[in-house]
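Novice: model this:
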Amino acid sequence: MKEQKDKLRERFNERLKQMNIIGVPKHIIKDGKIPLEFEANGNKYLILMPDKCFNPTRQTMYSNISMCFGTNQTPLEVKQCFADIEQAANDIFLSNDRSSKTAAVTKFYTSIKNANDAFYGEHTSRWPMAYYLCSLFIAKEGEDLREWSWEQADAKIEDWDKENIAANDFLSLCLSFSKDCQEILKQRRQVLQNPAKSM
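Specialist: Model (predicted):
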């Protein structure tokens, strides 16, 4: 498979490097309650219901980033996982002797395990995705909801970072608003509770 540049992964990795969490972070979610608004770096932000602020551009980005958040992989990484599994399956069927078949089965199992393990990742690996998802439905006061760009998202995230807002609050907001993420996490929880049935 031709190597493709994964721009989403590069952006997520760059955002993670830029995060500057110092000391005890400030929480915007208090006692389990999501506020309607908060301040960060002198700017007022409004937390909107996604279906109330999405135009086609925001909806497309929300779907793409939400999938990344839920699977902890970019679309290119998911595509590569399936390509690896498919190649390993083909190797099994094309193997002629026992040792080649054993190696192909091992490769197939390893490919499936790698795809499954990618869902977990480091806890912090989902932070950039959560920030970008939130940038779609958390609006800076006066923001034109018809527009969204990576640069606008980065400016918001920099405000949140300067205010030292807890990254887990943004994770919680994503989980609260994303039905897809809730479904994926529910499925992952079932696999963790009964791994024998998942294989």
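
Novice: wait, a strand at D144?
Specialist: No: applying DSSP: H, G, I helix; E, B strand; the rest coil, one finds D144 to be coil, outside a strand.

Novice: show the pLDDT at it.
Specialist: Looking at D144, its pLDDT stands at 91.

Novice: mind checking how far N43 is from M61?
Specialist: As judged by Cβ to Cβ, to the nearest Å, N43 and M61 stand 21 Å apart. (C-beta placed from N, C-alpha, C; glycine too.)

Novice: just S135 next, same as before
Specialist: S135 is 9 Å from M61, by Cβ to Cβ.

Novice: A104 touches D91, doesn't it?
Specialist: Yes: between A104 and D91 there is a contact at 3.8 Å, judged by Cβ atoms under 8 Å.

Novice: name the nearest residue to the residue nearest the centre of the chain, sequence neighbours excluded.
Specialist: The geometric centre of the chain, computed from its C-alpha atoms, lies nearest to F69 (Cα atoms, centre = their mean), at 1.7 Å. Nearest residue to F69 in three dimensions, chain neighbours excluded: M129, at 4.1 Å (Cβ to Cβ, 6 or more residues apart in numbering).

Novice: what is the burial count for that neighbour?
Specialist: Residues lying near M129 (other Cβ atoms under 10 Å) number 27.

Novice: mind listing what Y120 touches?
Specialist: Counting by Cβ atoms under 8 Å, 6 or more residues apart in numbering, Y120 makes contact with N72.
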